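Undergrad: the sequence and its predicted three-dimensional model are supplied below.
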Amino acid sequence: MGASQAELAWAINAYTLVFAGLLFTFGVLGDRWGRRRLLVAGLIVFGSASTLTAYSQSPEQLVAARAAMGFGASMVMPQTLSVITNVFPPEERARAIGLWAGAVGLAMAIGPSAGGLLLENFWWGSIFLVNVPFVLLGLALMFFLVPESRDESAGRPDVLGVLLSIPGLVLIVYGIITAGERSSLADWDVYGALVLGLAVLGMFLVHESRAPNPSLDVRFFRDPRFSVSVATVMVLFFSMAGILFFLSFYWQSVRGFPRSSRAC
């Protein structure tokens, strides 16, 4: 498609930006509207967007389809942990969450290698089209194994909290992505996005601490076990995502690993 390096980078970043910005929102909505319902809808969106991504005809279509994939993934991810909490009894829940975390880590680790294997043997769209059979399998199993569930005591919806979370998360993620692209924090749009994002998230935390039915109960962070666990997972996935993002470029541009003509 003749995509530039910046367009290829945004084909990755568009997914991340939408996914990070809406992850919290769909977690809240899943508790109210039904976790299985949103999980099914998210898988359908993700599978459909994967197909559109595979057959994109221009860099702009590729970026837009990748953003749609992030939209679907943001619907799926928070519901998976909520479903585990609802389906498994307390004595089995820790093992189930451990298996979930291991599967997520394994998927991130094998992604670059699996993608490279597909590119060596098929056309570039195969790295997205391979998602479709997994989506279909997941949908089939869900109808037999996953019951519908929701929070029956959710109270009034925290509309302001949800609306504050979206721009706050999007601005921070955008600032981090743009700073990485330019290797600098000096540009006004980079530090402006970071500062504004932190300010909006600060307003979000203040609101959540005072709201009668908060979307995020900030009192949980008073427990050091909870705070340290969340911080550890955040740093771990932040580091892993950064390493895997640049690993593909390192293998191709620095190490000079071969790419098939069909993939190019």
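TA: The structure has been received and is ready for your questions. Residues are numbered from 1 along each chain as shown.

Undergrad: okay, residue 55: pLDDT?
TA: pLDDT recorded at residue 55 is 92.

Undergrad: phi, psi of the nearest residue to it once chain neighbours are set aside?
TA: Excluding its sequence neighbours, the residue lying closest to residue 55 (CB to CB, 6 or more residues apart in numbering) is residue 125, at 6.1 Å. Yep, even glycine has a C-beta here, placed from its N, CA and C like the rest. Dihedral pair for residue 125: phi -70, psi -10, per degrees, to the nearest 10.

Undergrad: tell me the contacts of residue 125?
TA: By CB atoms under 8 Å, 6 or more residues apart in numbering, the contact list for residue 125 reads 53-56.

Undergrad: one more: residue 168?
TA: Residues near residue 168 by CB under 8 Å, 6+ apart: 197-198, 200-201, 203-204.

Undergrad: got any ranges where this protein has weak pLDDT?
TA: For the chain, residues meeting the criterion pLDDT under 70 lie at 154-155, 183, 257-264.

Undergrad: look up how far residue 245 lies from residue 108.
TA: Going from residue 108 to residue 245 by CB to CB, to the nearest Å gives 10 Å.

Undergrad: before we move on, back to that, please report how far the residue nearest to residue 55 lies from residue 132.
TA: Computed as CB to CB, the residue 125 to residue 132 distance reads 11 Å.

Undergrad: what segments of the stretch 101-250 of the chain are helices?
TA: Using DSSP state H, counting those that start in this stretch, the helices of the stretch 101-250 of the chain run over residues 126-129, 131-145, 159-182, 188-210, 224-249.

Undergrad: any chance you could list what contacts the shortest one?
TA: Here helix 126-129 makes contact (CB under 8 Å, 6+ apart) with 50-51, 53-54, 69, 114-115, 118-119.

Undergrad: now the buried members of the residues you listed.
TA: Burial by neighbour count, judged by 16 or more other CB atoms under 10 Å, picks out 50-51, 53-54, 69, 115, 118-119 from those.

Undergrad: chain neighbours aside, what residue packs nearest to residue 109?
TA: Distances taken as CB to CB, 6+ apart put residue 244 closest to residue 109, at 7.6 Å, once the chain neighbours are dropped.

Undergrad: contacting residues for that neighbour?
TA: 108-109, 111-112.

Undergrad: measure it to residue 81 for me?
TA: Here the criterion is CB to CB. By it, residue 244 lies 22 Å from residue 81.

Undergrad: residue 251 now?
TA: Distance from residue 251 to residue 81, by CB to CB: 32 Å.

Undergrad: likewise residue 169?
TA: Residue 169 is 18 Å from residue 81, where distance means CB to CB.

Undergrad: please say which of the two ends up with more neighbours.
TA: More crowded of residue 169 and residue 81, by other CB atoms under 10 Å: residue 169, with 22 against 15.
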